[in-house]
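Asks: What follows is a predicted protein model with its sequence.
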Amino acid sequence: MFTPGAIGTLNLPHRIVMGSMHLNFESDPRALGAFYAERAAGGAALIVTGGTAVNREGSGGRTYLVSGSGAFQEAAGAALEAVHDAGGRLALQLFHAGRYAFEETYGLRPLAPSPVWSAYSRSTPAAMNPEQIAQTLEDFAGAARLARELGFDAVEIMGSEGYLVNQFASAATNLRDDDWGGDAVRRRAFPLAVLAAVRDAAGPGFPVIFRLSGDDLVPGSSPPAEYAALATALAAAGADALNIGIGWHESQIPTVQALVPHGHWLPVAARIKAVLAEHACPVPVIGSNRINSLGQAEAALAAGQVDFVSMARPFLADPRIVAKSSAGRPELVNTCIACNEACIDRSLGTEPVSCLVNPRAGREAAYPLEVQPAGMRSGPAEGSSRSAPAGSGPALSRFAARPAVAVAGAGPAGLQAAATLASHGVPVVLFEAEPGIGGQFLLAGKVPGKADFLETIRYFEHELPRLGVRIRTGVRVQAAELTGFSHVVVATGVLPRTVTLPGREMLPVLDYRAAFAAPAALRALPGVAVVGAGGIAVDLAHLLISPTPGRPETAQQAAERFAREFSGPPGTDHAGITLLRRGGRIGAGIGPSTRWAALQALRSAGVRMLTGVTVRYLTDAGLLVSGPEGGDLLIPADAVVVAAGQVENTELARGLQAQGTAFSVIGGAASAAGLNAVRAFAEGLECGTALAAALGTHRDSPPAERKKAPLP
């Protein structure tokens, strides 16, 4: 992993590439520069930008930059200065959306090899004529020429993920019968022509990376063997590296979601690498998708599967993932959990991209790093009883010269607030009623495919003590115990919403927290009815269909689960599990890039999902409901789980208000309506920053993050 490598003439100190991400704030040079600077300073030796459209027809939407425009040149200047000043290198991705473009962006009908309906853009593109093909090739060349003139260190041609170049290579979207399509050889013509145009325009010695699809995962598309042949042709034609992508927006097999096992798609890149070796084409192969730790990258590189590893979202979660790992401190890495909620889901719209577990991502200019205070303690988190008042005595003796803040609740909002305050030099004591920190992330971490949520807890278990936060778990702190603190951040979260079920004495009735605590016992029952069908209910159902609910998956079990859920026929194994919802969609609130996959996992196991039903009462045989047409329906059940939403836990806030203690309320304790972890983490950052400023510890002009930075 830390062996130097080369992509053409570009020498790099290690084998980790920061992959391309469309950010939706490329038109803000200050934000873009700050974003890239922090990652270059943190060890990202080569960064690939989000896609820059080579012409307006190829734009992916109104937040995309177009090569040659004033907005592009301003953004490029800021990004280049930031990355180069921090010691990194920047590659520009050359992009054309093809049939994935939107006509409303510029009033231009999307262009593609053939007029094949796009379920993504919900339109039928126009087939490109020879003149439009020639102009598009010239536009790729012009964008490459400009990239070199501006000072980019390389370019990457976007030829994967179902965009224009990939569309020409695919039998599913290239229905032509001319020089540009009709058989496997002619389907290669456009990708090779784009490479030739870019190579000629960029000039000799300028590194050109080609992002190539290894498998489209779309029915009727070209088989992987065709892409392996294309890879050989591209290598022979002068590509300096092949970056292997997987899947399209229209694919019905997940590629980047948490449900995908770590490194699942690396064998696709490995096969292409093997084919190149057979043909004596020693071009580096870059592997990507669902690699979220440098340990996984090291294993892939050591096994010879790939020559470089591209990681995108992990650099959102932790800009210093490389620096921390190379320093032997992986426990300090804030791990990407592949939730997609603040990154991919936002990139599909117009909201600026960020990161659920790192709400500073994309807002580095607004929330600059602070210099860490000296002398912070670095011991482990500690459990404690409530024997001594938290606001006096030994708990605060070392904080004598500074006002201390109490944070009540160690779920996402409280963890982020505590970390933010401590990073500004504010002494913090964090109280948590449960035996450990993490809040509802502890529940999520039990769900198949979501074990990485526990990595977030691991990160805070190490990061908070490093910052000097004193953690007191097993303490249900009361308002009277907090009078010695200058301020209290109430992050006590939510409680399950109670639902009155007539006849509840007929069957066991549990709330969702009790169900997550005993999944094996529930799984053993012939029938389980879940009242409510939001994200928590979907997660619970996924847990209950697991062969070993509550136990961590092995790598082999994760691979078997993925194959069972997304490659096998629909099953009936768990038809005894029924999700019930009065209104709305099953899984409402789950992000669009994940919801369809989560529901597919349940369908594969035969889980019943009903909407438009009204619960009437329980019987000894199950749950009687009224269906959408008004008739009665008996849901056979041996137990009922209520997962019908949440309410704010306001007990502590009411007590603080009554006694006149200064406090702020964040996360679920402030509002359970529309609550998700993105909002909770963001409110922790915002509250912590504002409170630190109010307490007078904020530094108005922190040192700029420009050069290679020390840990953390």
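Replies: Good, I have the coordinates. Just so we're clear, the structure is a prediction, and the values are computed from it rather than from any experiment. Numbers count the residues shown, from 1 in each chain.
Asks: Roughly how far does residue 623 sit from residue 613?
Replies: 9 Å (CB to CB, to the nearest Å). C-beta here means a position set from N, CA and C on the backbone, and glycine is covered the same way.
Asks: leaving aside the residues next to it on the chain, what's closest to residue 150?
Replies: residue 76 (5.2 Å; CB to CB, 6 or more residues apart in numbering).
Asks: In this structure that neighbour contacts residue 152, no?
Replies: Yes - with contact defined as CB atoms under 8 Å, residue 76 and residue 152 form a contacting pair (7.5 Å).
Asks: Mind listing what's buried along stretch 139-159?
Replies: 139-148, 150, 152-159 (16 or more other CB atoms under 10 Å).
Asks: Where do the helices of the stretch 101-250 of the chain begin and end?
Replies: Secondary structure of the stretch 101-250 of the chain (DSSP state H, counting those that start in this stretch): helices at 103-106, 130-150, 164-169, 184-187, 189-202, 224-236.
Asks: and of these, who's closest to residue 94?
Replies: helix 130-150 (5.1 Å; CB to CB).
Asks: neighbouring contacts of that closest one?
Replies: The set of residues external to helix 130-150 that reach it, using CB atoms under 8 Å, 6 or more residues apart in numbering, is 52, 54-55, 57-58, 67-68, 73, 76-77, 80, 92, 94, 96, 111, 128, 155, 157, 164, 180, 190, 193-194, 197-198, 200-203, 206, 208.
Asks: Find residues that contact each of residue 76 and residue 152.
Replies: residue 92.
Asks: re earlier: in PyMOL, how would I pick out whichever of the contacts of helix 130-150 are buried, leaving the exposed ones unselected?
Replies: Per 16+ other CB under 10 Å, the buried members of those correspond to this PyMOL selection:
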select buried, resi 52+54+55+57+58+67+76+80+92+94+96+111+128+155+157+164+180+190+193+194+197+198+201+202+206+208
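Asks: list the contacts for residue 111?
Replies: 57-58, 98-99, 101, 125-128, 132, 136, 164.
Asks: Then residue 112?
Replies: 98-99, 118, 125-128, 164, 167, 173 are the contacts of residue 112 under CB under 8 Å, 6+ apart.
Asks: Go through stretch 167-187 and flag the buried ones.
Replies: Those would be 167-174, 176, 180-181, 184, 186-187, for stretch 167-187 by 16+ other CB under 10 Å.
Asks: Can I get the residues you listed in a markdown table including pLDDT and distance to residue 358?
Replies: Output for the buried residues of stretch 167-187, formatted as a markdown table (pLDDT from 0 to 100; distance: CB to CB, whole Å):
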| residue | pLDDT | distance to residue 358 |
| --- | --- | --- |
| 167 | 98 | 34 |
| 168 | 98 | 37 |
| 169 | 98 | 35 |
| 170 | 98 | 35 |
| 171 | 98 | 40 |
| 172 | 98 | 37 |
| 173 | 98 | 36 |
| 174 | 98 | 40 |
| 176 | 98 | 45 |
| 180 | 98 | 43 |
| 181 | 98 | 44 |
| 184 | 97 | 43 |
| 186 | 98 | 46 |
| 187 | 98 | 41 |
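Asks: Tell me how many other residues surround residue 266.
Replies: 25 (other CB atoms under 10 Å).
Asks: Quick check: pLDDT value at it.
Replies: Note on residue 266: pLDDT of 98.
Asks: moving C-terminal of whichever helix or strand residue 34 is part of, what's the next helix or strand?
Replies: Residue 34 belongs to helix 29-41 when elements are defined using DSSP states H and E. The C-terminal neighbour of helix 29-41 among helices and strands, as given by DSSP H and E, is strand 46-53.
Asks: Report the angle between that next one and helix 29-41.
Replies: 150 degrees (axes from the mean of the first three to the mean of the last three CA atoms, to 10 degrees).
Asks: Quick one: mean pLDDT for stretch 613-622?
Replies: Mean predicted confidence for stretch 613-622 is 94.
Asks: So which bits of that stretch are buried?
Replies: In stretch 613-622, the ones that count as buried by 16+ other CB under 10 Å are 613, 615-616, 618, 622.
Asks: Just give the nearest non-adjacent residue to residue 184, would you?
Replies: Nearest to residue 184 is residue 226, by CB to CB, 6+ apart, at 5.1 Å.
Asks: Was I right to think that neighbour contacts residue 172?
Replies: No - using CB under 8 Å, residue 226 is not in contact with residue 172, being 11.6 Å away.
Asks: Run through the stretch 301-450 of the chain and note the low-pLDDT ranges.
Replies: 370-402 (pLDDT under 70).
Asks: Got the domain ranges for this structure?
Replies: Using automatic domain parsing, the domain parsing of the chain gives 5-347, 382-495+648-694, 498-644.
Asks: Adding distance to residue 362, write those domains out as CSV.
Replies: Output for the domains of the chain, formatted as CSV (distance: least, CB to CB, whole Å):
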stretch, distance to residue 362
domain 5-347, 6
domain 382-495+648-694, 11
domain 498-644, 17
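Asks: Of these, which shows the lowest average pLDDT?
Replies: Among those, domain 382-495+648-694 scores lowest, with a mean of 89.
Asks: What is the distance between it and the centre of its chain?
Replies: Centroid separation for domain 382-495+648-694 versus its chain: 24 Å, with CA atoms, centre = their mean, to the nearest Å.
Asks: oh, and call the first residue 20 from now on, that's how I've got it
Replies: Sure, I'll start numbering at 20, so the last one becomes domain 401-514+667-713.
Asks: Nearest to residue 338 among the contacts of residue 130?
Replies: residue 77 (29.7 Å).
Asks: Could you pull up the residues touching the nearest residue to that closest one once chain neighbours are set aside?
Replies: For residue 77, ignoring the flanking residues on the chain, the nearest one in space by CB to CB, 6+ apart is residue 115 at 3.3 Å. Contacts for residue 115 were tallied using CB under 8 Å, 6+ apart; they are 72-74, 76-77, 155, 158-159, 177, 182-184.
Asks: rerun that using 6 Å as the cut-off
Replies: 73, 77, 183 (CB atoms under 6 Å, 6 or more residues apart in numbering).
Asks: Please determine how far the first one is located from residue 374.
Replies: Computed with CB to CB, the distance linking residue 73 and residue 374 is 29 Å.
Asks: Count residues in the vicinity of the residue lying closest to residue 574 once chain neighbours are set aside, would you?
Replies: Distances taken as CB to CB, 6+ apart place residue 280 nearest to residue 574, at 6.7 Å, with adjacent residues excluded. By other CB under 10 Å, the residues close to residue 280 number 19.
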